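Peer 1: from the sequence below, what's the structure:
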Amino acid sequence: MSTRIAFLKGHGTENDFVIVPDPENAVDLSPAAVAALCDRRAGIGGDGVLHVVRSAAHPEAAHLAAEAEWFMDYRNGDGSVAEMCGNGVRVFARYLQHAGHVTEGELAVATRGGVKTVRLAKDGDVTVGMGRAALPEGDVTVSVGERSWPARNVNMGNPHAVAFVDDLAHAGDLLSPPPCEPAAAYPDGVNVEFVVDRGPGHVAMRVHERGSGETRSCGTGACAVAVAAARRDGADPAVTGTPATYTVDVPGGTLVITERPDGEIEMTGPAVIVAEGEIDPEWLDAAVRRRS
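Peer 2: Modelled structure (predicted):
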């Protein structure tokens, strides 16, 4: 890469991202480049990369350009592509506001998991319409060491296995993916959430994010957890006509998740831009060569 590349650093409940503004999709972000940028010791460090591209300029999002000007081309920390990232959408929207592309109010963001509606305040929390949860049929089991738990299969545009446990320490170190059975339930891997109760409508979770390991927060995971908790507690807003709201504590903060009677799930939480600068192209080229 012959020219310097701008970047920013941001986080949502300490789920942190390297933000690469690239409206015309001119930057080649190979998996090796993404992994190098996300390296916490030899790179900038992050759970993933938010590649900010105009929808019309990206082949995967051009068909959504009429609905959403901007596409969140999200990559996991290992360089793999992901369908969605809930905390990432909030930080993505905060960046657009920071850069002057949008102001407070509603905006649409294109993702591989569909178009998401975001409500931005001038300051404070960001609310994202996360779409509807799918609840695939079939029993799923999650294991850590000698322990196993039944899990709820929830899809939020990306796959989740939600296991309710007695103690979050039972999740272990979450450095490697907890085994899930049957493997056929998650052919492309899975995000695994371990959940404990804190009180009525209040849970806490830890998560292994597919492609990133344990992270301080996972927005789609918090939504999956809220839906799984509601069903466990006998609440289905589509049946009762009453919204179900859960406060979900994550290691990096707190998210509030509401499932509405029409099935739409809203997530509210913070989004912060903490720094900006330039990536040295010589360093990135050398880092990519080492990883290729």
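Peer 1: where does pLDDT dip in the stretch 1-150 of the chain?
Peer 2: Applying pLDDT under 70 to the stretch 1-150 of the chain picks out residues 1-2.
Peer 1: can you show me the helices along it?
Peer 2: Secondary structure of the stretch 1-150 of the chain (DSSP state H, counting those that start in this stretch): helices located at 31-38, 86-98.
Peer 1: so which of those is the most surrounded?
Peer 2: Counting by mean count of other C-beta atoms under 10 Å, helix 86-98 has the highest mean neighbour count of these, with a mean of 26. C-beta here means a position set from N, CA and C on the backbone, and glycine is covered the same way.
Peer 1: count the residues that sit near Pro177.
Peer 2: By other C-beta atoms under 10 Å, the residues close to Pro177 number 16.
Peer 1: I'd like the helices of the stretch 1-150 of the chain as JSON lines, with distance to Arg291 appended.
Peer 2: Listed next are these as JSON lines, based on distance: least, C-beta to C-beta, whole Å:
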{"stretch": "helix 31-38", "distance to Arg291": "4"}
{"stretch": "helix 86-98", "distance to Arg291": "22"}
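Peer 1: quick one, which of those helices is nearest to Gly221?
Peer 2: When the helices of the stretch 1-150 of the chain are compared by C-beta to C-beta, helix 86-98 sits nearest Gly221, at 7.6 Å.
Peer 1: Pro23 is nearest to which of the helices of the stretch 1-150 of the chain?
Peer 2: Taking these one by one with C-beta to C-beta, helix 86-98 is closest: 10.7 Å.
Peer 1: so Ala287 touches Ala42, yeah?
Peer 2: Yes: in this structure, Ala287 is within contact of Ala42 by C-beta atoms under 8 Å, at 6.9 Å.
Peer 1: between the two, point out the one with more neighbours.
Peer 2: Using other C-beta under 10 Å as the criterion, Ala287 and Ala42 rank with Ala287 on top: 20 against 11.
Peer 1: identify the residue nearest the more buried one in space, chain neighbours excluded?
Peer 2: Ala36 (3.7 Å; C-beta to C-beta, 6 or more residues apart in numbering).
Peer 1: any idea how far Thr13 is from the one you found?
Peer 2: 25 Å (C-beta to C-beta, to the nearest Å).
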